[in-house]
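Visitor: show me the folded form of this:
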Amino acid sequence: MGRDDGYDMGREPAQTRTPDPARLQRLLTLFGNEAVRDTLYDGLMVVHATGLVEPLNRAAVTLLESATGRPVPAFSPDTSALDVVDSEGRPMPPPERPAQRAVVRGETVRGEVFGLRRPDPETGEPVVVRWLRVSALPLPRDLAPEAPAALLSLVDVTPRVSAEQRLRQSAAAFDNTTEAVVISDDRGRIVAVNPAFTSLTGYPASEVMGLGMDDFPCTIANRDVFAQIGRALATDGQWQGETVGVRKDGSGFPAWMTASAVHSPEGRLLNVVTVFSDISPLKEVQDRLAHQAHHDDLTDLPNRVLARERLQEALTRATRDRCGVAVLFLDLDRFKVVNDSLGHVTGDHLLQAVARRLREVVGDAHLLARIGGDEFLVIVDPAPDRAALAALADRIIAAVDRPFDVPDAEEIYIGVSVGITRFPGDGITADDLIRNADAALYAAKDAGRGAHHFYREDLTRAAARRLRLEQDMRRALRDDAFLLAFQPMVSMDGQRVVGMETLLRWREDDEERVTPDVFIPVAEDTGLIRPLGEWVLRHALQEMRRWIDAGIAPKRIAVNVSAAQLRRQDFAVLVQRLLEENGIAPGQLELELTEGALFADTDRMLDLLHDLDRLGVRVAVDDFGTGYSSLAYLQRFPIHRLKMDRSFVSALPHCPQGTAIASAIVNLGRALDLDILAEGVEQDAQLAALQALGCNAWQGFLCAPALMREEAFAFLAACARGAPPATWPGNGATSRDALSSLDLPASRPKA
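Guide: Purely as a prediction, here's the structure:
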């Protein structure tokens, strides 16, 4: 039998017919000749109803061995043991197989395709290893007298079936992929497009088939790109990159495109396959991420990164064009008070309102950026003269000075200070200009806030000192180099010490004392106030433990706490832990808070103060009368003491208004069952006036200044022996004379 190249995988078996006996006899005679049989390309074999397979030629042996993985001598004569599938991959039961149909039913089968499977050596799953095209011819009874038999021819069609399967898969992928596909021939004419192409561009296949790629709208809109594609295909056989797609309605879209050349085995160009997709969603995400990376989330203004880039670009242009650039560094005044007192939500609303107002003043001619917190930057390019820059700064200051209306708050008043630098005189790099504008800003704040200040060279030294101060503070905190001082709080009759207020002191390495009004603002600006506050609380309780052990402890020790400390989620837990570590009863600790700190996230503060109250810790409001002084918060918060600010005490007893305010504070405390302690008492007349008003306790230089650690110990020891300092009421000596009577160290820093 010869080969039949016109096979059809879906071909139905032919109807049974009676073979020509003479032709069949000649065929079997030739088949019985081994030399002839083994030269045939097709596999030939005779299958008997008994299961015997004999004879068979070499081609058949090769096919069966490759399909079953077993040598033919070991091959079972029972062909039903073979794992056979039809052309669609469905298992084929033995009665439906070509050999059984020819032998048992006497059917003649022509060119039917089936597959032989065997287990995959790795997975054990059955896989087709050979596709065979089979023809089967029943033998007449006189040629097979013992039992029915049939002559089978086998042709290996595995390569062609696999190619057809791949072709079907490729066609399915071509039709179902979400990417547009265009196939052009060797002359650049479009020969095929898939449905995704039509969906994406709006062009049906009928309108583009046969169209040259050079005439295609997408090519026309991207001639430079397609010229690059042509060169890449000629040299590398492929290209990929971003381009612009064009729809039938003329609209464009960003597209990612790949183009691949298909060559014949001889290297001749056959086709070019171009695949592209709409990457608009990806570009939108990229643009959004790029915007977020360069803009402030809260105000949508450019951030520090973008501001620095734009400033550097402006400096490049200014150098080339020999013109000026200016930087205005803005920092809001009193914003921290608002943020701490009214909460971060209100603070955020305020920053958004400030940004809108600054946009109105600055306009589109200059770049306005928020570079962090309550700091803004204005880049003026090109820069006008000094007077014009000053006028712009004054307009900014005036705009921010106006009250702001924000949700859930009454009118809020803040201000802004402005530092100004100019290129090239004040710096030649972006970092120089920003850093020096920051230095000028601090000069503006030092001058009273709400003002602008142009940079001077000496301001750099001041900024350097501030940076050095921060570094020294970090070192001092690490090395335990801060000191505590204590100022006595005494009863109105002057006979008892009711407490000691803890105050922080610091001397740098050169023994120069740094006052709290210098280093505390730096600690607040840099975030050091939280670890520093914890250090103070820990060491104050340790000192209280020392006094208790010596039998000289006052009733309680007072420690000032900042709003930043109170924002710690675990602040109450920290206080409890430090009390337990030092064996201090909670009632022996009094925490002093400012009115502003009480209003920092009111709900959170209310919960915290109730936690402290349940713990047994007392709370005092420091500098009372200088902040909100709201009866509402006095009712809501668990407060035990009000400390009358020294500004009211200093007016006593000769100022009627001051006396009236002091009297009102005392009466308020009495009505709410709160202790009143007066701060800053320096004169006997002031003390007498406070006694007449019914104040509960006082502190000040009239009794003693802030005492260093050993001074405080000696002071408390003297009081414990029943010998209070002679400066207490009824004696005429000064506080310094009284201190000289105590057993104190020879050298003591001034408080």
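Visitor: how is the protein carved up into domains?
Guide: 21-164, 177-283, 295-455, 471-740 (automatic domain parsing).
Visitor: columns mean pLDDT on top of these, output as a markdown table?
Guide: Listed next are the domains of the chain as a markdown table, based on pLDDT from 0 to 100:
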| stretch | mean pLDDT |
| --- | --- |
| domain 21-164 | 76 |
| domain 177-283 | 84 |
| domain 295-455 | 91 |
| domain 471-740 | 85 |
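Visitor: okay if I get these as a markdown table plus mean neighbour count?
Guide: The C-beta positions use only the backbone N, C-alpha and C, and glycine is treated the same way. Listed next are those as a markdown table, based on neighbours: other C-beta atoms under 10 Å:
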| stretch | mean neighbour count |
| --- | --- |
| domain 21-164 | 16 |
| domain 177-283 | 16 |
| domain 295-455 | 18 |
| domain 471-740 | 18 |
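Visitor: so which of the ones you listed is nearest Arg461?
Guide: Of all the domains of the chain, it is domain 295-455 that lies closest to Arg461, at 8.7 Å by C-beta to C-beta.
Visitor: and the closest one, end to end?
Guide: Between the opening and closing residues of domain 295-455 lies a distance of 27 Å (C-alpha to C-alpha, to the nearest Å).
Visitor: kindly report the same for stretch 119-129.
Guide: End-to-end distance of stretch 119-129: 9 Å, with C-alpha to C-alpha as the criterion.
Visitor: show me the helices in the stretch 401-550 of the chain, by range?
Guide: Remark: helices assigned in the stretch 401-550 of the chain by DSSP state H, counting those that start in this stretch are 430-446, 457-478, 516-526, 529-550.
Visitor: mind checking which of those helices is nearest Ile371?
Guide: The stretch from these with the least distance to Ile371 (C-beta to C-beta) is helix 430-446; that distance is 8.1 Å.
Visitor: report the angle between that closest one and helix 457-478.
Guide: Taking axes from the mean of the first three to the mean of the last three C-alpha atoms, to 10 degrees, one finds helix 430-446 and helix 457-478 inclined to each other by 80 degrees.
Visitor: against which helices or strands is helix 430-446 packed?
Guide: In terms of contacts (3 or more C-beta pairs under 8 Å, 6 or more residues apart in numbering; DSSP states H and E), helix 430-446 is packed against helix 304-321, strand 325-333, strand 415-423, strand 452-454, helix 457-478.
Visitor: pull out the CA atoms of that helix and give them to me as PDB.
Guide: Provided in PDB are the C-alpha atoms of helix 430-446 (Å, rounded to 0.1, in the frame of the first residue of the first chain):
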ATOM      1  CA  ALA A 430      18.800  74.900  45.100                       C
ATOM      2  CA  ASP A 431      19.800  73.500  48.500                       C
ATOM      3  CA  ASP A 432      21.800  76.600  49.300                       C
ATOM      4  CA  LEU A 433      18.800  78.900  48.500                       C
ATOM      5  CA  ILE A 434      16.300  76.800  50.500                       C
ATOM      6  CA  ARG A 435      18.600  76.400  53.500                       C
ATOM      7  CA  ASN A 436      19.400  80.100  53.600                       C
ATOM      8  CA  ALA A 437      15.800  81.100  53.200                       C
ATOM      9  CA  ASP A 438      15.100  78.900  56.200                       C
ATOM     10  CA  ALA A 439      17.700  80.800  58.200                       C
ATOM     11  CA  ALA A 440      16.100  84.100  57.100                       C
ATOM     12  CA  LEU A 441      12.800  82.700  58.200                       C
ATOM     13  CA  TYR A 442      14.000  82.100  61.800                       C
ATOM     14  CA  ALA A 443      15.300  85.600  61.800                       C
ATOM     15  CA  ALA A 444      11.800  86.800  60.900                       C
ATOM     16  CA  LYS A 445      10.300  84.800  63.700                       C
ATOM     17  CA  ASP A 446      12.900  86.100  66.200                       C
END
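Visitor: and the contacts of it?
Guide: Helix 430-446 is contacted by residues 308, 311-312, 315, 325, 327-331, 333, 377, 417-421, 423, 426-427, 451-456, 459-460, 462-463, 466 when judged by C-beta atoms under 8 Å, 6 or more residues apart in numbering.
Visitor: one step back: now the helices of the stretch 401-550 of the chain in TSV, with distance to Asp405?
Guide: As requested, the helices of the stretch 401-550 of the chain are exported to TSV (distance: least, C-beta to C-beta, whole Å):
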stretch	distance to Asp405
helix 430-446	26
helix 457-478	35
helix 516-526	28
helix 529-550	31
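Visitor: OK, contacts around Arg466?
Guide: Taking C-beta under 8 Å, 6+ apart, one finds Tyr442, Val522 in contact with Arg466.
Visitor: that one and Leu532, how far apart?
Guide: Distance, Arg466 to Leu532, by C-beta to C-beta, to the nearest Å: 16 Å.
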